[in-house]
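Visitor: Make a model of this:
(2 chains)
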Amino acid sequence: MTDAATPTVNGALPHNDAKALKYYTASQWQLVWWRFKRHHTAMAGALFLLAMALAGLFADFIAPYSTTTRDRDYIMGPPQMPMAWDSHGFSLRPFIHGVTTKRDPVTLRKIATIDPDKREYLEFFMRGEAYTLFGLIPSNIHLFGVPSGHIHLFGTDELGRDVFSRTLFATGTSLSIGVLGVMTAFVLALIIGGTAGYFAGWIDYGVQRVTEIVRVVPVIPLYMGLAAAFPREWSNIQVYFAMTMIFGLVGWPTLARRVRSHLLAQRGEDYVLAAELSGARPARIIGKHLLPSFTSYIIVDLVISFPYMILSETALSFIGLGLRPPSVSWGIMLQDAQNIRAIEQAPWFFIPAGFVVLAVLAFTLLGDGLRDAADPYSVNK
Amino acid sequence: MSRFIIQRLFGMLVTLFFVSIMVFTIMELPPGDYADRYAFRKYSGTGINVTESDIQNIRVEFGLDRPAPARYLSWIGGILTDFDFGQSFAFETSVNRVVGERLVLTLALLYATLILTYAISIPIAIYAAVRRHSAVDYGLTIMSYLGLALPNFLLALILLYISVTVFGSSVGGLFSPDYVDAPWSFAKVGDMLLHLIVPSLVLAWSATALQLQTVRATMLDELNKLSVTAARARGLPEWKLLLKYPARLAINPVVSTIGFDVNRIFSELPIVALVLSLPELGELLIQSYLDLDMYVAGAILMMLTFFIVFMNFLSDVLLAVLDPRIKLEGG
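Guide: Now for the predicted structure:
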């Protein structure tokens, strides 16, 4: 299987013996890593996703405000970008222009106006709202903030909540639903696809039929039907886990098909027969001998199925059948952009959409790179 | 060939049977039953005191007191014998009447989308494969990445935003205001076709992205085949040999995935319809899920799946006709 005699390092002849030796003695995962590193777009995708995951994980620290904090003086306010200079000159410490509220002389409503003469300097590691990181570490230090007034990098929504902070928390929620959904689907696929592929025969036939039925029903309407059944009195945590469950339940057939076809291709090999003759049980043969032979392919499949989960979550929450406020996810934030009036006045409601697109793009690029690296023995085209 | 078609038809019926069980299960999933919701909807706010026995009466009236298998049989029996999908309680009329015209619009949208998808993706992908590393080829790669990353409903939102801010009019809806309640006429059909362009472009967006990649990849494989070299050696004009060998084969993966495309389009339809406010089945599906009007939801889910299964069948038959290498037995 490991065709070590092929004198190619990714398609090129090794230059000297030391390099060749390094290549021939490298483990499979090392080869995968070397090949993956050469895909710059895939690396960029991976780094971007890592940054996103970290931003979501440490949202409490990075975001200046919580998801529900309201700035009543700056409702539907446009984004405030930190600047280094204005008409009053240059400043090494970035600042934003402060907001002054005046009353409209006619309607007596409060109107917030940016005051170009008032500077609010950014402070880093500033003390602000208290939070508990991961529910464990109590703290009140935020990455940045302004001592007086508020800073809204991405503007505010109809209730005066900070879009930047909410987007960060939403990133955490949406990515984690994707991870949990993929994991659930993966475990189910491994068990069901593993059984079908290993035992073949009528078990395989039955699983194939079920797979076919789940695949023939349009996915998002199916998700919607399952999500519509969530009782209204469920808490947000319950809905969250129920969502990951249905993503797993609907998502497994595609993965199971892949696991099954890999198993079917491998189970006739001699080493399987040897293991059987030595008296190994099916679970051990599948887990210990067969799975490692195509782990890299399975990882690719998992990465590729991520975007579908994320898009489904966004779509479900967007139409109001998924997560419910006060939870925040990309889909819930985009609900604000459903209304034409709102997006006309506040185009910054689209910012979470940018996150969705970038996340899916990053996953796709990463998947492409991994797909090529998963089989390090193939010759590059 | 006829044996193959009968076999596939039978397989289609079996799939539909299992799908109907699944759809019925989804209809039964929401907590509380139809009678509760019906009573709540009808009497809440009227001041009439509804007792448990009243609800029991409604239950008997609709046959809800029977066990689930019996209810399934009467539901599916109604569909098969009278094409009767049951009652919608949100609209207080039969499901057929609620669904009615929307079904026609949905199908119009589906076929417009499919035609657009193939009319755009096949020629462009073939051209890109022949002129590899040209501007069109790179454009195709970028487009197909974008098509996968930008979900249709976001594209719809963006188009909506542009149409409102730049053109000052909305691209939503399927009819001009004058025609919404007008009876069907040639003018109305023409008006609808004009309004179909934007929604079907939006729906075709991701399907086109996928097909572009598939057709291009198959074309590249086929262009390296010996048959092409041999044809060139015989002195066949380039356009003729392109059409005769690689292009003809590059159509096959497209044909075999028609059902998959229909599935994808129907999957994205509800949300796009919601954003663009199209009066078709997807939008109604969301509404009926939110109202827990499960007979309507079940009917729509069944219809959408029926068309997917039917298009799957059609694509199998078409492929068998197009590609004589396909084995006609089993499958």
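Visitor: Quick check, the residue in the stretch 1-150 of chain A closest to chain B?
Guide: A:T41 (9.6 Å; Cβ to the nearest Cβ). From N, CA and C alone the C-beta is placed, and that goes for glycine too.
Visitor: Enumerate the residues of the stretch 251-381 of chain A near chain B.
Guide: Proximity of the stretch 251-381 of chain A to chain B, by Cβ under 8 Å from any Cβ of the partner chain, involves residues A:307, A:311, A:314-315, A:318-321, A:334, A:337-338, A:340, A:343-344, A:347, A:350, A:353, A:356-358, A:360-361, A:364-365.
Visitor: do that again at 10 Å, thanks
Guide: For the stretch 251-381 of chain A, the contact set with chain B under Cβ under 10 Å from any Cβ of the partner chain comprises A:307, A:310-312, A:314-316, A:318-321, A:334, A:337-338, A:340-341, A:343-344, A:347, A:349-350, A:352-354, A:356-365, A:368, A:381.
Visitor: Count residues in the vicinity of A:P231, would you?
Guide: 11 (other Cβ atoms under 10 Å in any protein chain shown).
Visitor: Over to B:I122?
Guide: Around B:I122 there are 19 residues (other Cβ under 10 Å).
Visitor: Enumerate the positions of the longest helix belonging to chain B that are buried.
Guide: For chain B, the longest helix by residue count, based on DSSP state H, is helix B:186-223. Within helix B:186-223, the residues that count as buried by 16 or more other Cβ atoms under 10 Å in any protein chain shown are B:188, B:191-192, B:195-196, B:198-216, B:218-220, B:222-223.
Visitor: helix or strand for the residue in the stretch 51-200 of chain A positioned nearest to chain B, which one?
Guide: Proximity to chain B, evaluated over the stretch 51-200 of chain A using Cβ to the nearest Cβ, is greatest for A:S174 at 12.9 Å. Applying DSSP states H and E as the criterion places A:S174 in helix A:163-199.
Visitor: So is the helix or strand following that helix next to chain B?
Guide: The helix or strand immediately downstream of helix A:163-199 is helix A:201-216, counting by DSSP H and E. Yes - Helix A:201-216 comes into contact with chain B (Cβ under 10 Å from any Cβ), by way of A:209-210, A:212-216.
Visitor: residue nearest the centroid of the chain?
Guide: No chain in the question, so chain A it is. Centroid check for chain A by Cα atoms, centre = their mean gives A:L175 as the closest residue, at 3.3 Å.
Visitor: I was thinking of chain B, sorry if that wasn't clear
Guide: Taking Cα atoms, centre = their mean, chain B has its central residue at B:F266, 2.9 Å away.
Visitor: Count the neighbours of the nearest residue to it once chain neighbours are set aside for me.
Guide: Of all residues not flanking B:F266 in the chain, A:P218 sits nearest, at 4.1 Å (Cβ to Cβ, 6 or more residues apart in numbering or on different chains). Neighbour count for A:P218, taken as other Cβ under 10 Å: 24.
Visitor: now the one 4 residues further on
Guide: Other residues within reach of A:L222 by the criterion other Cβ under 10 Å amount to 22.
Visitor: quick one, what contacts it?
Guide: A:214, A:246, A:249-250, A:312, B:22-23, B:26, B:267, B:301, B:304-305 (Cβ atoms under 10 Å, 6 or more residues apart in numbering or on different chains).
Visitor: now, among these, which is nearest to B:G139?
Guide: B:S267 (26.7 Å; Cβ to Cβ).
Visitor: can you pull the pLDDT of the closest residue to chain A within the stretch 101-250 of chain B?
Guide: The stretch 101-250 of chain B approaches chain A most closely through B:A149 (4.0 Å), counting by Cβ to the nearest Cβ. Looking at B:A149, its pLDDT stands at 83.
Visitor: With B:T93 instead?
Guide: pLDDT, B:T93: 78.
Visitor: Quick check: phi and psi on it?
Guide: phi -150, psi -180 (degrees, to the nearest 10).
Visitor: Quickly find the element holding the residue nearest to the centre of chain B.
Guide: helix B:258-276.
Visitor: If you count contacts, what does the helix or strand of chain B with the lowest mean pLDDT end up packed against?
Guide: Using mean pLDDT, DSSP states H and E, helix B:34-43 stands out as the lowest-scoring helix or strand of chain B, at a mean of 70. Under the contact definition 3 or more Cβ pairs under 10 Å, 6 or more residues apart in numbering or on different chains; DSSP states H and E, helix B:34-43 sits against helix B:52-61, helix B:294-322.
Visitor: Other residues contacting it?
Guide: B:27-28, B:30, B:32, B:48-52, B:54-62, B:64-65, B:71, B:86-87, B:89-90, B:92, B:291-295.
Visitor: surely A:F125 meets A:G145?
Guide: Yes - counting by Cβ atoms under 10 Å, A:G145 is a contact partner of A:F125 at 9.2 Å.
Visitor: Tell me which of the two has more neighbours.
Guide: Taking neighbours as other Cβ under 10 Å, A:F125 and A:G145 compare with A:G145 leading, 21 against 10.
Visitor: what about the strands in the stretch 251-381 of chain A?
Guide: Remark: strands of the stretch 251-381 of chain A are absent; assignment by DSSP state E, counting those that start in this stretch.
Visitor: OK, contacts around residue 272?
Guide: By default, I'm working from chain A. Per Cβ under 10 Å, 6+ apart, neighbours of A:V272: A:198, A:263, A:266, A:280, A:285-286, A:289-290, A:293.
Visitor: wrong one, I was asking about chain B
Guide: Contacts of B:V272 (Cβ under 10 Å, 6+ apart): A:315, B:109, B:113, B:151-157, B:199-200, B:202-203, B:205, B:265, B:278, B:280, B:282-283.
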